[in-house]
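Peer 1: sequence plus predicted model, see below.
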Amino acid sequence: MKILSALAAGLIFGFGLTLSGMVNPARVLGFLDFAGEWDPTLAFVLAGAVLASAVGYGLMGRFAHPVFEGSFAVPTSRDIDLRLVGGSALFGIGWGLAGFCPGPAVASLSLGLGKSVLFVAAMLVGMVLFRLLPSAAPRARHA
């Protein structure tokens, strides 16, 4: 049941990305083009994501644990270090150059775009390299 709920959440997320046009890198690049034909669509998608996350965090306190887990996994680190800043910069540069971030890139694989395949392959290589670096273990506490 845990895998089915994850699949359902992923399908809903992918549907939302497709419906909002975020699987089209031109939309993202249009949002970043303040001097040209600016496209505000991404701002509305981000606002919706922040709202959904805020509701989720607000509801979390009302439950002892998630339905399919023993505890909530909540990030606890507030450290700003070179890895965080470097990773954030690398993410932003990649997003600005390609017009993709991980979720929409994976969702756009269904469209068969060569650019999507290349981006996802590079993303997977980056994930493997990250895991090979020292102190790459994720920091989360279980509440």
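Peer 2: Sure, I can see it.
Peer 1: was I right about His65 contacting Ser71?
Peer 2: Yes - counting by CB atoms under 8 Å, Ser71 is a contact partner of His65 at 5.3 Å. The C-beta positions use only the backbone N, C-alpha and C, and glycine is treated the same way.
Peer 1: residues making contact with the helix or strand containing Gly30?
Peer 2: Remark: Gly30 resides in helix 25-32, with elements defined by DSSP states H and E. If you take CB atoms under 8 Å, 6 or more residues apart in numbering as the criterion, helix 25-32 is touched by 21-22, 36-43, 95-96, 98-101, 104, 108, 115.
Peer 1: if we go to 7 Å?
Peer 2: 21-22, 37-43, 95-96, 98-100, 115 (CB atoms under 7 Å, 6 or more residues apart in numbering).
Peer 1: nearest to Gly58, of those?
Peer 2: Ala43 (22.5 Å; CB to CB).
Peer 1: give me the nearest residue to the closest one, chain neighbours excluded.
Peer 2: Distances taken as CB to CB, 6 or more residues apart in numbering place Phe31 nearest to Ala43, at 6.9 Å, with adjacent residues excluded.
Peer 1: could you measure from the one you found over to Asn24?
Peer 2: Counting by CB to CB, to the nearest Å, the gap from Phe31 to Asn24 is 11 Å.
Peer 1: next, the buried residues of the helix holding Gly30.
Peer 2: Buried residues in helix 25-32, counted by 16 or more other CB atoms under 10 Å: Pro25, Arg27, Val28, Leu29, Gly30, Phe31.
Peer 1: in CSV, list these along with pLDDT and distance to Leu133.
Peer 2: Below are those laid out as CSV (pLDDT from 0 to 100; distance: CB to CB, whole Å):
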residue, pLDDT, distance to Leu133
Pro25, 88, 28
Arg27, 89, 32
Val28, 86, 28
Leu29, 89, 30
Gly30, 91, 34
Phe31, 90, 31
